[in-house]
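Structure, please.
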Amino acid sequence: MQSKLVLTAAVALLAAGGIGAGVYLSGSSQPAAPAANPEEAAAIATSQGLVSRDGPKLTLHMKSGEAMTLSDRSQCGDIACPPHLAQDFHFQGWDAPLGGYRLSVSGKAMLLPYGDDPTLADLDHADPLTDGPMEQPAPPPPQASADDSVSEWLAEIAKSRDDDEAKPLAAAKGKAERKGAELILTLNDGKHLSLADELSCGQSSCPPPLFRSFAYAGTSPDGRFYLVEERWDEGQTLLLIDTAQGGATELLGPPSFSPNGKFAAAVLSGIPSASSRRLELWDLSGPAPKLAFDVKVAEGDDTLFELDGWTIEEQLKLRRGHWQSSARRSVRLIQSNNVWQINGE
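Here you go, the predicted structure:
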């Protein structure tokens, strides 16, 4: 059984990807089949039944006997996910020193360990096994039986999401709706953008950092953007989704919109190690959100910000302090001569 605790590793992996640094989307009920990959086909042939592919679905057998299935995705409902947001998996072979499967995940080299509680890890930073190389197992282990505790846990996550988004969905009046694991958003031209939860991957829960769900959280004050929470086990970010084109911008967390609607501020909450970026300000005046200001801290710095609202003078009130400390210092983010700066440091 894949442990719930291993999902905390997703936070560190997400930091490597730069939370809040750009756009991100995932999920569709209509995954497209990947292009033929002779190198992968050859690697699968030498896996002795451990790995198989069925169209867009790549299945890998784990030590527990569970079959983990990872699905390529290129469609987000009626519209194609942008190329840099599409999700694909390619098996590249068995890695004996690291004891697991080498994968290309949307072009990034990753390792999926064969042992208990597998978590996708950056291949360049994975440590060799302390007990020496592990030769490729053969044949595949006996198929594991269903684990009711995992199903119950995933059902709890889905229920929490449903409870949180019930009121925002009711207020959306059909423009946003929930169909099982999919959140479907209607764009201005009538097309639909679909975001599918990635909680279950075959017989097991999805490995970090793939494990996530999407919860509808409303719209921006001007109605230009849908707000969607992207949730992990111990953290979340927020997607600003353009209601016109379906483009998505990832923010550190729930935004605070300026009175004139031209800016959106967000801060990191929770575990500081999730990202070196702690505060960001997005300019919404153009065709797409643009990062106008941010605050990054050095490794080991536990400083966090809290949003305290905007003033009528378009200044952002903040409280700054260290994680797990109740002491907070009031500061403001102000604009002077078209330059944003924090006042009151």
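
Give me the distance between Val331 and Ala171.
34 Å (Cβ to Cβ, to the nearest Å). Where you see a C-beta, it was placed from the backbone N, CA and C, and this is true even at glycine.

More neighbours: the two, which one.
Set Val331 next to Ala171 and count neighbours by other Cβ atoms under 10 Å: Val331 wins out with 18 against 12.

mind checking the SS state of that one?
Secondary structure assignment for Val331 (DSSP: H, G, I helix; E, B strand; the rest coil): strand.

contacting residues for the closest residue to it other than its chain neighbours?
In this structure, Val331 finds its nearest non-sequential neighbour in Gly344, 4.0 Å apart by Cβ to Cβ, 6 or more residues apart in numbering. Gly344 makes contacts with 329-332, as judged by Cβ atoms under 8 Å, 6 or more residues apart in numbering.

possible to save these as TSV with pLDDT and distance to Phe257?
Listed next are those as TSV, based on pLDDT from 0 to 100; distance: Cβ to Cβ, whole Å:
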residue	pLDDT	distance to Phe257
Arg329	94	24
Ser330	95	21
Val331	96	19
Arg332	96	17
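
now, which of those residues sits nearest His322?
Proximity of those to His322 (Cβ to Cβ) peaks at Arg329, which lies at 10.3 Å.

so where is the stretch 151-300 of the chain shaky, pLDDT-wise?
Applying pLDDT under 70 to the stretch 151-300 of the chain flags residues 234.

try it again with 90
The model of the stretch 151-300 of the chain has pLDDT under 90 over residues 151, 203-204, 208-210, 212, 232-236, 269-275, 299-300.

For the strand or helix carrying Ser160, buried residues please.
Per DSSP states H and E: Ser160 is located in helix 148-172. Judged by neighbour count using 16 or more other Cβ atoms under 10 Å, the buried positions of helix 148-172 are 150, 153-154, 157-158, 161, 165, 168-169, 172.

do stretch 240-260 as well
240-243, 246-258.

quick one: pLDDT of Ser74?
We note a pLDDT of 89 for Ser74 in this prediction.

what residues are up against the closest residue in space to Pro259 that isn't next to it in sequence?
Nearest residue to Pro259 in three dimensions, chain neighbours excluded: Trp310, at 5.7 Å (Cβ to Cβ, 6+ apart). Neighbouring residues of Trp310 by Cβ under 8 Å, 6+ apart: 256-259, 316-317.

and the residue lying closest to Ser213 once chain neighbours are set aside, how many residues sit next to it?
Nearest non-adjacent residue to Ser213, counting by Cβ to Cβ, 6+ apart: Asp197, 4.2 Å away. By the criterion of other Cβ under 10 Å, Asp197 has 22 neighbours.
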